[in-house]
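Q: no sequence on this one, just coordinates:
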């Protein structure tokens, strides 16, 4: 066990590493962001994950949804992701819910952190409402084209985002992993009781000269 987590133990010590065993994280959506989040966090020592997704793997998913391959096609994404993560993890439990976030709510499961890996604003608004009701922080993440956004919501809310049904634009696989890595880093810092900025939106994009820009915005309270 100590050998498996050796580099993290060097980072924050055995006590902090052992504390992760008691944490439960819900990942809502097991597509692009969800796959990368699972790969980054699934072998970190967090005790339990709840993977929520009603969708099945299609051929066009594979190039950016890194936990899947051609053998995953037509399988539920959360089930395929669970199998992949179990191969890379020790002493971590993975639970799957092959339905919507509304069904996750009905289960009323105890979690320490909810991570958004969905692709629509309506579900994110539902996550925000549920998280506020249960007093649970949640990590928002979104990607489009070469851009992405991340925020750990605690006291602020999602009401400043306008809900719409605009179809998604194209997307590049590396930006998906890049945003998921930022989400995963904030998740680990939160769960390991490290300092971090909450209720701050990080917006990452490439400008017209190809420079990667990161902007920060303090999110308003509802």
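A: Nice, I can see it. Note that the structure is a prediction, hence the values are computed from the model and not measured.

Q: Relative to residue 196, how far out is residue 124?
A: Distance of residue 124 to residue 196, given as C-beta to C-beta, to the nearest Å: 20 Å. The way it works is simple: take the backbone N, C-alpha and C, and place the C-beta from them, glycine included.

Q: Let me fix that, I meant to ask about residue 132.
A: Look at residue 132 and residue 196: by C-beta to C-beta, they are 19 Å apart.

Q: neighbour-wise, which of these two wins?
A: residue 132 (18 against 14; other C-beta atoms under 10 Å).

Q: who's in contact with that one?
A: Residue 132 makes contact with residue 157, according to C-beta atoms under 8 Å, 6 or more residues apart in numbering.

Q: Quick check: phi and psi on it?
A: phi -70, psi -40 (degrees, to the nearest 10).

Q: Just the pLDDT for it.
A: Looking at residue 132, its pLDDT reads 95.

Q: Would you confirm that residue 177 contacts residue 38?
A: No - counting by C-beta atoms under 8 Å, residue 177 sits too far from residue 38 to count as a contact (11.8 Å).

Q: which of those two has more neighbours?
A: Legend: neighbour count by other C-beta under 10 Å for residue 177 and residue 38, higher for residue 38 (29 against 21).

Q: what's the distance between the more buried one and residue 208?
A: 34 Å.

Q: how about low-confidence regions in the protein?
A: 162-168, 222 (pLDDT under 70).

Q: change it to 80
A: 1, 159-169, 222 (pLDDT under 80).

Q: which helix is the longest one in it?
A: For the chain, the helix with the greatest residue count under DSSP state H is helix 173-191.

Q: Direction included, what does the very next helix or strand once past it pair against?
A: Under the assignment DSSP states H and E, the closest C-terminal helix or strand after helix 173-191 is strand 200-206. Sheet pairing for strand 200-206, assigned by DSSP bridges, gives strand 147-153 (antiparallel), strand 212-218 (antiparallel).

Q: now those strands as TSV including distance to residue 12 and mean neighbour count?
A: Below are the strands paired with strand 200-206 laid out as TSV (distance: least, C-beta to C-beta, whole Å; neighbours: other C-beta atoms under 10 Å):
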stretch	distance to residue 12	mean neighbour count
strand 147-153	18	22
strand 212-218	25	10
